[in-house]
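1. From the sequence below, what's the structure:
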Amino acid sequence: MTDSTLPSAEASAEQTTDELHTEQHDPSVPAAYAAFMRTGWGDRELDLPEHPIAAYAAQRRARLAEAFPGERLVLPAGTFKVRANDTDYRFRSDTAHTYFCGNQTTDAVLVIEDGESVLYARPRSSRETDEFFRDRQYGELWAGRRPSLGELSASLGLEVRHVDDLESALGSSAKTRVHRGIDRRVDGLVSGDDSRDDELARVASEMRLVKDDWEIAQLQEACDITTLGFEDSVREWDRVIEFGERWLEGTFFRRARAMGNDIGYDSIVGGGRHATTLHWIDNDGPITPGELVLLDMGVEGRNLYTADVTRTLPISGSYTPLQRDLYDLVHAAQQAGIDAVRPGVPFLAAHNAAMDVLAHGLESMGLLPVSADEALSPDSKIYARWTLHGTSHMLGMDVHDCGRASVDIYPKGDLAEGMVLTVEPGLYFQVDDLLVPEELRGIGIRIEDDILVTADGARNLSAALPRSSAEVEEWMARLRG
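-> Numbering: from 1, shown residues only. This next block holds a predicted model:
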């Protein structure tokens, strides 16, 4: 394009100010500066290899289209979310979108129609606009170089068009379902039908219940990196005791970012009484010798599959007799839950097996006002005062995966080969619980592993981390030198 065909820098700045993501404290942009910034740039291609998900994603899209013949399906990636004022959270694409195409760039939308799939994406900013050097969200000099449409297409193995073409593409009268709640702009382009859109979300969720070999490998890698993060944390135990829960959180996060994409969820680092708060994520307390620390942490890999592992460690390196008794009870409950996992059994089999062990343990401790069998009755469950939560959830690209599946399939359905679930029983004695002896108050223990349902049973993907009390003590001693 010649200079004579370019809009003037002044006009461009005037036209795009409302569209650009800039802030009031940004320096002014004189016309001469804007014009100068549009000249003298070379071109280069991003090195985007073929995405390993491409072949799998094509099969997934075909299966999804078969579930809704003759309909248009719209699955957005999402866009930025404000953290504070003019700063955004690090972007993480919607799970369903990435599952069906592999894309992880912002503002993209996957459209499946008549057996064909098109990804509408926002490419890198043109050097002939102010966006290139001024826009805080999309400008190359602010936020980095986005892939071109051609680069995305070659990497993902599907047709890619500019996101500006999306509105016209959705303007026809084709019957359309939208995966809603991900991108408000996309939601506004198509009139909603809650029942139809919910059905799309349900099917997209249920398709993820059974993992293929590539997904299992991704989850295994996430568990392996998570193991390294736990090991990093113990190796720095002197610093942990000095700086408290924050050091554990930061140490694990370093490993997650170095070898994965991120943490799969906010790390739970509960020292002492904080371990009795199930989702303690403030992580600002002390780590005190003589107490326990509950670490619930998982690495999200670069293709967004996450681990979810919990260990409860003795801060002094050895459990006290009381801590060991409680820990061994939880470990026995977890083992019973893992042993119950196999194809064809109810999803709740692991939970029921683990709760049976814990309820009888609570009975032997004299805490239950009735027998364990009475407490386990569906119309009682009073034992749950000290167990609080379910033993399992599905695991995959979301830490609580497949959350839109029909309840008749999950959690009320049966396990099948290729499903991955957590097994994570716990005991929690609140610091102000007057129904337990004082020495128990403020103790929380959870043990969690990621379990693959195999053809003849189960495989623990996170087995590299020790589970028994003796193994944990030996492991900590070895890592601390």
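
2. CA only for contacts and neighbour counts going forward, please
-> Will do.

3. neighbours of A470, just the number please.
-> Neighbour count for A470, taken as other Cα atoms under 10 Å: 13.

4. ok, now L110?
-> Here the number of neighbours of L110 (other Cα under 10 Å) works out to 24.

5. Look up phi and psi at the residue lying closest to it once chain neighbours are set aside.
-> Among residues not flanking L110 along the chain, L119 sits closest, at 4.5 Å (Cα to Cα, 6 or more residues apart in numbering). Per-residue torsions, L119: phi -100, psi 120 (degrees, to the nearest 10).

6. bridging residues for L119?
-> L110, V160 (DSSP bridges).

7. got it, and A84?
-> Beta-bridge partners of A84, as defined by DSSP bridges: T87.

8. Start the count at 58 instead of 1 going forward.
-> Renumbered: residue one is now 58, and that last one reads A141.

9. can you count the residues close to it?
-> 8.

10. separation between it and D269?
-> Separation of A141 from D269 (Cα to Cα, to the nearest Å): 39 Å.

11. before we move on, what about G355?
-> Counting by Cα to Cα, the gap from G355 to D269 is 21 Å.

12. same question, V86
-> V86 is 52 Å from D269, by Cα to Cα.

13. and if you look at C459?
-> As judged by Cα to Cα, C459 and D269 stand 15 Å apart.

14. Give me the more crowded residue out of those two.
-> More crowded of C459 and D269, by other Cα under 10 Å: C459, with 25 against 13.

15. How about that one: what's its closest non-neighbour residue?
-> Leaving aside its sequence neighbours, C459 sits nearest to S262 (Cα to Cα, 6+ apart; 4.6 Å).

16. Now do the same contact list for the one you found.
-> If you count contacts by Cα atoms under 8 Å, 6 or more residues apart in numbering, S262 has them with A153, D458, C459, G460, R461, A462.

17. Taking these, please make a PyMOL selection of just the buried ones.
-> To isolate the buried members of those in PyMOL, using 16 or more other Cα atoms under 10 Å:
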select buried, resi 153+458+459+460+461+462
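
18. from the contacts of S262, which ones fall inside helices?
-> Of the contacts of S262, the ones assigned to helices by DSSP state H are A153.

19. What residues does S526 make contact with?
-> Counting by Cα under 8 Å, 6+ apart, S526 has contacts Y376, R381, Y384, D385.

20. so which strand or helix has the closest residue to V414 other than its chain neighbours?
-> The shortest distance from V414 to any non-neighbouring residue, by Cα to Cα, 6+ apart, is to A390 (5.2 Å). Using DSSP states H and E, A390 falls within helix 378-396.

21. for this structure, where's the lowest mean pLDDT among helices and strands?
-> Ranked by mean pLDDT, DSSP states H and E, the weakest helix or strand in the chain is helix 66-73, scoring a mean of 35.

22. from the contacts of S526, which would you call buried?
-> Applying 16+ other Cα under 10 Å to the contacts of S526 flags Y376, R381, Y384, D385 as buried.

23. Next, format those residues as TSV and append pLDDT and distance to D100.
-> Below are those laid out as TSV (pLDDT from 0 to 100; distance: Cα to Cα, whole Å):
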residue	pLDDT	distance to D100
Y376	98	61
R381	98	63
Y384	98	60
D385	98	62
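
24. Check the burial of S375 by counting its neighbours.
-> Residues near S375, counting by other Cα under 10 Å: 21.

25. For it, which non-adjacent residue is closest in space?
-> E530 (5.7 Å).

26. what does R461 give?
-> Once flanking residues are discounted, R461 sits nearest to R259: 5.0 Å by Cα to Cα, 6+ apart.

27. Is that neighbour within a helix or a strand, and which one?
-> Using DSSP H and E, R259 maps to helix 251-263.

28. part of a strand, is L478?
-> Yes - when classified by DSSP: H, G, I helix; E, B strand; the rest coil, L478 is found to be part of a strand.

29. So which elements touch whatever helix or strand comes next after the helix holding A390?
-> Once the chain leaves helix 378-396, the next helix or strand it forms, by DSSP H and E, is helix 406-421. Secondary-structure packing of helix 406-421 (3 or more Cα pairs under 8 Å, 6 or more residues apart in numbering; DSSP states H and E): helix 378-396, helix 429-432.

30. Save those as TSV, and put in distance to S182 too.
-> As requested, those are arranged in TSV below (distance: least, Cα to Cα, whole Å):
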stretch	distance to S182
helix 378-396	51
helix 429-432	63
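
31. Tell me which of those sits most buried.
-> Among the helices and strands packed on helix 406-421, helix 378-396 has the highest mean neighbour count (mean count of other Cα atoms under 10 Å), at a mean of 21.

32. What is that one packed up against?
-> Using 3+ Cα pairs under 8 Å, 6+ apart, helix 378-396 is in contact with helix 406-421, strand 477-480, strand 483-486, strand 500-503, strand 514-517, helix 526-537.
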